[in-house]
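Chemist: how would this look folded up:
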Amino acid sequence: MTTEIRVPQLPESVADATLVAWHKQPGDAIKRDENLADLETDKVVLEVPAPANGVFREIKVRSGTVVTSGQLLAIIEEGGAAAAASTGKAAASPNASAAATAGKAASAPASATAAKGASTASVLQAADGQANNGEGAGKLSPSVRRLVEENRLDPGAIPASGKDGRLTKSDVVDFLGKKQPETAAPAARSEPAGGPAPAARAPTPAPAARQGGSRTEQRVPMTRLRQRIAQRLVEAQSTQALLTSFNEVDMTAVMELRARHKDRFEKDHGVKLGFMSFFVKACIEALKKFPAVNASVDGNDVIYHEYYDIGVAVSTDRGLMVPIVRDADIKSFATIEKEIGNYAKKAREGTIAIEDLTGGTFTITNGGVFGSLMSTPIVNAPQSAILGMHKTQERPMVVSGPGGVSQIAIRPMMYLAVTYDHRIIDGREAVQFLVTVKESLEDPGRMLLGV
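Modeler: Numbers count the residues shown, from 1 in each chain. Predicted coordinates:
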């Protein structure tokens, strides 16, 4: 019995998706709930699961095609794999000639299907630049798969360091770095479509290096997520009156508090105590005092949100994502750390849901993890403000010493930036908001006492 594989119902806010890659080719055996293809939307990557055991019969849509809900993607033959297995067993039995004859007859349609599938697979592989590598290929994330296909690599030949034997982007990059001296890149680029694989190619002498270095170019289409990020950033810049205010915070108190309790915290709660939970709590204290920073503009109206859904920006191979910690004001430090960790893991694995990224009243982004000392973050519209964290760096500061005498001391300092929509947030509110965040972090006890 044949079954149609169609695009699953897309989330309400998503009109279409791009079919990134097929994990199976016609003629391959499939298992129920096995991921057949990846669909990339503006926000997340969705999987297309197999509805039953069987054989992959025919692909209707090529990789790179934009699809909509309910569109036909492929056809599978249910039970095909099971029938083939039972046929082989019957044929191998020396005492069942009749069963063997029946098995041979039954296998004819399956052989025809497999032959047809193999022909279709060869055409689609040439069109999509995609090779089947069994289970290994099915475990590739979209970014890793794109890198493998662009460089015509065999995933099975690359040492994998990810969970459950998954290839990571760094695995592929490291492999390319080691392979570069052995393979002439210009020869690989000049190979016509459908030519022999790099491993089967005869060695070609590398041309003399151009004086002054290489001037090659590579055109790569933006992913759906990158297109959406670009669109939203441009919209924010063109529709909001953005202004950035800066301050600096002495991280001594937070770092000492964290160092004193991090071991007990991890033992009791099963999660590490990071710095982000302190910043989330400090921002909430400031948002309560200055509700305009937690508001948004809707036409000619200002919507004041009386809840605190804090977005925490997460960098992934596909681009920046902002999962939401909802009702963060009533959650403990441990719960906030657990949610942020779980969201970050799902975002990097491509399993995060659109519901996890929707909404939010305020966002925190941390460029310090990449070494940024100062930046002007762009507001995550329709929100009206965003806090930028930066690298903690020791600097000489004038501090109050014994007896109130000023002295110079080395302190771990961090620059903070708040970018805000000047249409509804005045400079006074933005500056005082940032000062409140600074005071809460320099004296964490204020967050417990609400002062």
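
Chemist: for stretch 62-74, which positions count as buried?
Modeler: Across stretch 62-74, burial judged by 16 or more other Cβ atoms under 10 Å covers 63, 67, 73, 74. (C-beta placed from N, C-alpha, C; glycine too.)

Chemist: and the third one, helix, strand or coil?
Modeler: It refers to residue 73. strand (DSSP: H, G, I helix; E, B strand; the rest coil).

Chemist: How confident was the prediction at it?
Modeler: Listed pLDDT for residue 73 reads 88.

Chemist: and it, what does it touch?
Modeler: Residue 73 makes contacts with 5, 6, 7, 19, 36, 37, 48, 59, 60, 61, 67, as judged by Cβ atoms under 8 Å, 6 or more residues apart in numbering.

Chemist: Any of those buried? List them.
Modeler: Buried, going by 16+ other Cβ under 10 Å: 5, 7, 19, 36, 37, 48, 59, 61, 67, out of those.

Chemist: doesn't the third one fall inside a strand?
Modeler: Yes - per three-state DSSP, residue 19 lies within a strand segment.

Chemist: Setting the sequence-adjacent residues aside, check what's closest to it.
Modeler: The spatially closest residue to residue 19, leaving aside those adjacent along the chain, is residue 65, at 5.1 Å (Cβ to Cβ, 6 or more residues apart in numbering).

Chemist: for the last one, same thing?
Modeler: Distances taken as Cβ to Cβ, 6+ apart place residue 7 nearest to residue 67, at 5.0 Å, with adjacent residues excluded.

Chemist: from the middle of its chain, how far away would stretch 266-278 be?
Modeler: 23 Å (Cα atoms, centre = their mean, to the nearest Å).

Chemist: any residues touching that stretch, and which ones?
Modeler: Counting by Cβ under 8 Å, 6+ apart, 251, 254, 258, 261-262, 265, 312, 333-334, 336-338, 340-341, 364, 366, 389, 441, 444 sit against stretch 266-278.

Chemist: Quick one: end-to-end distance for it.
Modeler: End-to-end distance for stretch 266-278: 15 Å, by Cα to Cα, to the nearest Å.

Chemist: Enumerate the positions of it that are buried.
Modeler: Here stretch 266-278 shows 271, 273, 275, 276, 277, 278 as buried, counting by 16+ other Cβ under 10 Å.

Chemist: mind checking which helix or strand the last one is in?
Modeler: Using DSSP states H and E, residue 278 maps to helix 276-289.

Chemist: Dump the buried residues of stretch 62-74 to JSON lines, plus distance to residue 357.
Modeler: Below are the buried residues of stretch 62-74 laid out as JSON lines (distance: Cβ to Cβ, whole Å):
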{"residue": "63", "distance to residue 357": "24"}
{"residue": "67", "distance to residue 357": "21"}
{"residue": "73", "distance to residue 357": "25"}
{"residue": "74", "distance to residue 357": "28"}
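
Chemist: Among the contacts of stretch 266-278, name the ones in strands.
Modeler: Counted as lying in strands by DSSP state E, out of the contacts of stretch 266-278, are 312, 364, 366, 389.

Chemist: Outline the domain layout of the protein.
Modeler: 2-132, 138-192, 224-449 (automatic domain parsing).

Chemist: So for the lengthiest strand in the chain, mean pLDDT?
Modeler: For the chain, the strand with the greatest residue count under DSSP E is strand 406-421. When pLDDT is averaged along strand 406-421, the result is 96.

Chemist: Name every strand pairing with it and say which way it goes.
Modeler: According to DSSP bridges, strand 406-421 has the following sheet partners: strand 242-250 (antiparallel), strand 385-389 (antiparallel), strand 393-400 (antiparallel).

Chemist: Not counting the longest one itself, show me its contacts.
Modeler: Applying Cβ under 8 Å, 6+ apart, the contact partners of strand 242-250 are 236, 374, 376-379, 397, 411-422, 427, 430-431, 434-435, 437-438, 441-442.

Chemist: How far off centre is it?
Modeler: That offset, for strand 242-250, works out to 28 Å (Cα atoms, centre = their mean).

Chemist: same question, the last one
Modeler: In terms of Cα atoms, centre = their mean, the centre of strand 393-400 is found 38 Å from the chain centre.

Chemist: C-alpha coordinates for it, CSV please?
Modeler: Output of strand 393-400 as CSV, limited to C-alpha atoms (Å, rounded to 0.1, in the frame of the first residue of the first chain):
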residue,chain,number,x,y,z
GLN,A,393,37.7,42.9,31.9
GLU,A,394,39.8,43.9,34.8
ARG,A,395,40.5,47.7,34.9
PRO,A,396,41.9,50.1,37.4
MET,A,397,39.0,51.9,39.2
VAL,A,398,38.8,54.5,41.9
VAL,A,399,37.0,52.9,44.8
SER,A,400,36.3,53.9,48.4
